[in-house]
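Everything below, folded, please.
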Amino acid sequence: MQRTWQRLLSMLVLSPVIAVAQTPGDPEEAGKEAAQASSLAEVGGSAAPTVAAAEVRDCFVQMGQGAVGDCIGLAADACQQTPGGATTLGIVDCLAQETRVWDELLNAQYQELRALMREQDEGNPDVGISRVDALRDVQRAWITFRDAECGYAYARYQDGTIRSVVAAACQLEQTAQRALTLKGILHESSL
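Presented below is the predicted three-dimensional model:
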């Protein structure tokens with residue numbers, strides 16, 4: 001996670017201007033700000049920057065069990081290099097777009113793992129612990145953790161415009177890492 005944040009913060013320091021100022025809000029507003037940014041149809045009169053979703057999916061497929069997040073944030077970084085992508089809203093939008101792709105991958109892995117766990121539960125009904133229920137419980141706990149972790153990241157920077165960027169970067173990192181974790185569990189469980 002540190003790598004993605006460091007890369008993002010380095011880009012911000014090197015960026016000539018963060019053009020859009022925002023007013024301080026509370027941590028619950030972080031998600032709303034990210035949603036507002038991602039719903040922008042245009043930035044500065046030109047088409048809003050976009051993330052190459054296919055690149056994220058290809059990277060996910062190519063990542064082996066030993067690789068740890070080498071491609072997380074790269075599509076958002078590229079998006080930020082396009083017109084409108086270097087503003088606060090543009091950066092948050094690029095991060096949110098990549099997060100949505102990782103979330104789709106996460107959900108696909110979760111559903112596939114859930115089906116495998118259901119099959120294993122049905123094949124061994126006398127074991128007292130439901131794998132499907134345990135998977136659901138851990139996923140719910142992870143969502144609670146992710147939201148708290150990123151809410152805390154937002155709160156740490158709540159007096160500055162970077163708060164939304166940091167919270168969006170946290171959402172991206174947490175979601176991508178969870179997708180890769182589920183991919184690893186699925187791979188291990190199907191052996």
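
going forward, measure contacts and count neighbours with C-alpha atoms only.
Noted.

Need phi/psi at Gly160.
Gly160 adopts backbone torsions of phi -130, psi 160, taken as degrees, to the nearest 10.

ditto for the one 3 residues further on
Phi and psi for Arg163, reported as degrees, to the nearest 10, are phi -50, psi -40.

List the contacts of it.
Arg163 is in contact with Ala30, Ala153, Tyr154, Ala155, Arg156, Tyr157, counting by Cα atoms under 8 Å, 6 or more residues apart in numbering.

Could you single out the nearest of these to Ile185?
Distance to Ile185, by Cα to Cα, is smallest for Ala153 among the contacts of Arg163, at 27.6 Å.

doesn't Ala52 make contact with Thr82?
No: with contact defined as Cα atoms under 8 Å, Thr82 does not reach Ala52; the gap is 11.9 Å.

Could you give the number of residues near Cys150?
By other Cα atoms under 10 Å, 24 other residues sit near Cys150.

Which of the three states applies to it?
helix (DSSP: H, G, I helix; E, B strand; the rest coil).

OK, contacts around Ala76?
Ala76 makes contact with Val51, Ile91, Cys94, Leu95, Gln97, Glu98, according to Cα under 8 Å, 6+ apart.

try 7 Å this time
Val51, Cys94, Leu95, Glu98 (Cα atoms under 7 Å, 6 or more residues apart in numbering).

in what helix or strand does it lie?
Applying DSSP states H and E as the criterion places Ala76 in helix 74-80.

Not counting sequence-adjacent ones, nearest residue to the residue sitting nearest the centre point of the chain?
Nearest residue to the geometric centre of the chain (Cα atoms, centre = their mean): Leu172, 2.1 Å. Distances taken as Cα to Cα, 6 or more residues apart in numbering put Thr99 closest to Leu172, at 4.6 Å, once the chain neighbours are dropped.

Give me the neighbour count for the one you found.
Residues near Thr99, counting by other Cα under 10 Å, number 27.

go on, Asp133?
Using other Cα under 10 Å, the number of residues around Asp133 comes to 13.

about what we covered before: in the helix holding Ala76, what's buried?
The neighbour-count check on helix 74-80 (16 or more other Cα atoms under 10 Å) flags Leu74, Ala75, Ala76, Asp77, Cys79, Gln80 as buried.

So the fourth one versus Ala54, what's the distance?
According to Cα to Cα, to the nearest Å, Asp77 and Ala54 sit 15 Å apart.

Likewise for the last one?
From Gln80 across to Ala54, the span is 17 Å (Cα to Cα).

ok, now which ones touch Val165?
Contacts of Val165 by Cα under 7 Å, 6+ apart are Thr88, Ile91, Val92.
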